[in-house]
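Colleague: coords below, sequence missing:
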């Protein structure tokens, strides 16, 4: 009886345990079915033993199609071999792996489609061993949103970059305009200062003339009363000689103040320069080598010939004094045309065509600090008693009163060039020669390197060349230019100033550039003339040069000419 009771009790315990197990299994099944993600349970051999209801809509399989199949049926074919290794590793080292691992995972549907997924893994301990529960979440919508966000971010960054580039270009254009305006304002300020000094000088000269008239007149009257007094005559003659020197000085002051009496006529500057050679040779001495190179068929200038000869003599004497141990003096004639933009940079210069008289030396040069003052009356860098400081002032006044302009270029230790610009005689003169026709097309597409240390001049050249269609790189000195030349083999022309800061000048850059590119054409620019550059730099190759200040049309024509000459016949 007792035995039966024990058996009944054990049976009830087993029934209770079985009922609890069934209840637990039912709860687990309900939880599995209620899970929002697809759940797949696999055994240690990787066979699917259980799936929930979310598997069917996600993968397109019915439950009974998946039970007993290898889990790799849901893995893309390209990843199945690796997946077996990963599965075996997880079974041997099982631990919970939550979603959001950052791995780029994909699952394969029944129809062959692949979908991006996130997967979490959980080991399940059972009497038959460890099972693996995989929760699988479709993240296609999230991935689409992420891709849309990335695309929107990329488009936004592109628009920001484009807008930033537009703003930078606008800012650069504004800076260039402001730089041009500052340059024009500085030139105008210098012209106004010289005008003010000229007015003051003219007033002084006017009063001085009156005083000299009284002094010299009274001395001449006194001389008539002292014919028999030898000492008095000597004193009066000395005083009159000083008066005549004062009158010469006064004429120079009047020239600077633009109040001298001029008698302008048609002048052939080339003939005038050749005609004054013999006098210049006597004045300059044997230690100075004189070289005169004039342009044939030079258009006639309109100027006072006697004052022009005095101006040329003053320039030659100044050049001689800058070469105490001897040197070379070069005189040249040419023509130039100033457009409105280039003329504005010179202050009070009017646009138009001019005849040019250039005087160059290879003497001591002038410091940058003194360069802006050389045309002021009585300013001189010579020692006391060695000069009045009126020679260049007279040249300045003569040029301005003649309707022209004067420009000086100089570097200490290398020499100086002074250019005198005189207006062409008006149409209807005897032998006014028309300028040659400009070629109709001066545009291009080539890549050009502009080397210029003066920001305003460099900005003007770059802007002009880009407007003509060229690709333009720019550098302010030799090292920067050579770096660009080494790194950019597409550069087809070097356009460089002759004199640059830092000890590396234009010819130095050209020599080093031609070691890299023997066929690279070079166009120089300078306030010096071409022949002066050949003398100063001892260049043995042909020199292509555009003289400063240059007009925009002239720059375009020179660039196109040098590029075309460097190409084979028929190439452009």
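Modeller: Looks like it came in fine. Everything quoted here is computed from the prediction, not taken from an experiment. Numbers count the residues shown, from 1 in each chain.
Colleague: continuing past the least confident helix or strand in the chain by mean pLDDT, what's the next helix or strand?
Modeller: Among the helices and strands of the chain, helix 530-537 carries the lowest confidence by mean pLDDT, DSSP states H and E, at a mean of 53. Using DSSP states H and E, the helix or strand that follows helix 530-537 towards the C-terminus is strand 545-547.
Colleague: what are the pairing partners of that following strand, and which direction each?
Modeller: The strands that strand 545-547 pairs with in its sheet are strand 522-526 (parallel) (by DSSP bridges).
Colleague: Show me which residues of the strand it pairs with are buried.
Modeller: 522-526 (16 or more other CB atoms under 10 Å). C-beta here means a position set from N, CA and C on the backbone, and glycine is covered the same way.
Colleague: Nearest to residue 554 among those?
Modeller: Sorting the buried residues of strand 522-526 by how near they are to residue 554, with CB to CB, puts residue 525 at the top with 10.6 Å.
Colleague: now that closest one, which residues is it bridged with?
Modeller: Listed by DSSP bridges, the beta-bridge partners for residue 525 are residue 497, residue 546.
Colleague: show me the contacts for it.
Modeller: 452, 495-498, 545-548, 550 (CB atoms under 8 Å, 6 or more residues apart in numbering).
Colleague: can I get the buried residues of strand 522-526 in a markdown table with pLDDT and distance to residue 74?
Modeller: Formatted as a markdown table, the entries for these read as follows, by pLDDT from 0 to 100; distance: CB to CB, whole Å:
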| residue | pLDDT | distance to residue 74 |
| --- | --- | --- |
| 522 | 93 | 71 |
| 523 | 93 | 72 |
| 524 | 90 | 76 |
| 525 | 83 | 75 |
| 526 | 74 | 79 |
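Colleague: quick one, helices of the stretch 251-400 of the chain?
Modeller: Taking DSSP state H, counting those that start in this stretch, the helices of the stretch 251-400 of the chain run over residues 269-275, 277-284, 305-321, 340-345, 368-371, 391-401.
Colleague: Figure out how far the shortest one is from the centre of its chain.
Modeller: Spelled out, that is helix 368-371. Shown here is helix 368-371, whose average C-alpha point lies 26 Å from the average C-alpha point of the whole chain (CA atoms, centre = their mean, to the nearest Å).
Colleague: same check, this time on the last one
Modeller: In terms of CA atoms, centre = their mean, the gap separating the centre of helix 391-401 from the centre of its chain is 36 Å.
Colleague: try the longest one
Modeller: Chain-centre distance of helix 305-321: 39 Å, with CA atoms, centre = their mean.
Colleague: Compute the inter-axis angle for it and helix 391-401.
Modeller: An angle of 150 degrees separates the directions of helix 305-321 and helix 391-401 when computed by axes from the mean of the first three to the mean of the last three CA atoms, to 10 degrees.
Colleague: which of the residues in helix 305-321 are buried?
Modeller: Within helix 305-321, the residues that qualify as buried are 307-316, 318-321, counting by 16+ other CB under 10 Å.
Colleague: again, but for the second one
Modeller: For helix 277-284, the neighbour count (16+ other CB under 10 Å) marks 280, 284 as buried.
Colleague: what mean pLDDT does it have?
Modeller: What helix 277-284 shows for mean pLDDT is 81.
Colleague: Assess the claim that residue 335 and residue 352 are in contact.
Modeller: No: counting by CB atoms under 8 Å, no contact exists between residue 335 and residue 352, whose distance comes to 11.2 Å.
Colleague: quick one on the thing from earlier: out of the contacts of residue 525, which is nearest to residue 327?
Modeller: Nearest to residue 327 among the contacts of residue 525, counting by CB to CB, is residue 498 at 17.8 Å.
Colleague: pLDDT, neighbour count and distance to residue 346 for the contacts of residue 525 - can I get that in a markdown table?
Modeller: Formatted as a markdown table, the entries for the contacts of residue 525 read as follows, by pLDDT from 0 to 100; neighbours: other CB atoms under 10 Å; distance: CB to CB, whole Å:
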| residue | pLDDT | neighbour count | distance to residue 346 |
| --- | --- | --- | --- |
| 452 | 90 | 24 | 17 |
| 495 | 95 | 27 | 21 |
| 496 | 93 | 25 | 22 |
| 497 | 87 | 24 | 18 |
| 498 | 84 | 25 | 20 |
| 545 | 84 | 21 | 20 |
| 546 | 81 | 21 | 16 |
| 547 | 71 | 24 | 14 |
| 548 | 68 | 20 | 11 |
| 550 | 66 | 22 | 12 |
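Colleague: Closest one to residue 356 out of those residues, please.
Modeller: Of all those, the one sitting nearest residue 356 is residue 547; the distance, using CB to CB, is 7.9 Å.
Colleague: Flag the shaky bits of the stretch 151-300 of the chain, pLDDT-wise.
Modeller: Per-residue confidence of the stretch 151-300 of the chain (counting by pLDDT under 70) places the weak regions at 174, 176-221, 224, 243-262.
Colleague: Let me see the ranges of the strands in it.
Modeller: For the stretch 151-300 of the chain, the strands defined by DSSP state E, counting those that start in this stretch occupy 265-267, 288-293.
Colleague: Just put those in TSV and tack on mean neighbour count and distance to residue 165.
Modeller: Formatted as TSV, the strands of the stretch 151-300 of the chain follow (neighbours: other CB atoms under 10 Å; distance: least, CB to CB, whole Å):
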stretch	mean neighbour count	distance to residue 165
strand 265-267	17	54
strand 288-293	15	49
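Colleague: Of those, which is nearest residue 477?
Modeller: Closest to residue 477 of these, according to CB to CB: strand 288-293, at 30.9 Å.
Colleague: now for that closest one, which elements pack on it?
Modeller: For strand 288-293, the elements it packs on are helix 277-284, strand 327-338, helix 530-537, judged by 3 or more CB pairs under 8 Å, 6 or more residues apart in numbering; DSSP states H and E.
Colleague: Just want the most central residue of this protein.
Modeller: Centroid check for the chain by CA atoms, centre = their mean gives residue 474 as the closest residue, at 3.9 Å.
Colleague: That one - that's part of a strand, no?
Modeller: Yes: secondary structure assignment (DSSP: H, G, I helix; E, B strand; the rest coil) places residue 474 inside a strand.
Colleague: what's the nearest residue to it if we skip its chain neighbours?
Modeller: Using CB to CB, 6 or more residues apart in numbering and skipping the chain neighbours, the partner closest in space to residue 474 is residue 450 (4.8 Å).
Colleague: Could you say which helix or strand holds the one you found?
Modeller: Element membership for residue 450 (DSSP H and E) is strand 447-451.
Colleague: Quick one: list the elements packing against that strand.
Modeller: Identification of packing neighbours for strand 447-451 by 3+ CB pairs under 8 Å, 6+ apart yields helix 455-467, strand 471-475, helix 478-487, strand 493-497.
Colleague: Tell me how many other residues surround residue 136.
Modeller: Neighbourhood size, residue 136 [other CB atoms under 10 Å]: 21.
Colleague: Spell out which residues make up each domain of this protein.
Modeller: The record's domain split for the chain, according to automatic domain parsing, is 1-33, 35-138, 144-256, 265-423, 447-565.
Colleague: any common contacting residues for residue 335 and residue 352?
Modeller: residue 424.
Colleague: Please identify which helix or strand holds residue 83.
Modeller: Taking DSSP H and E as the criterion, residue 83 maps to helix 80-92.
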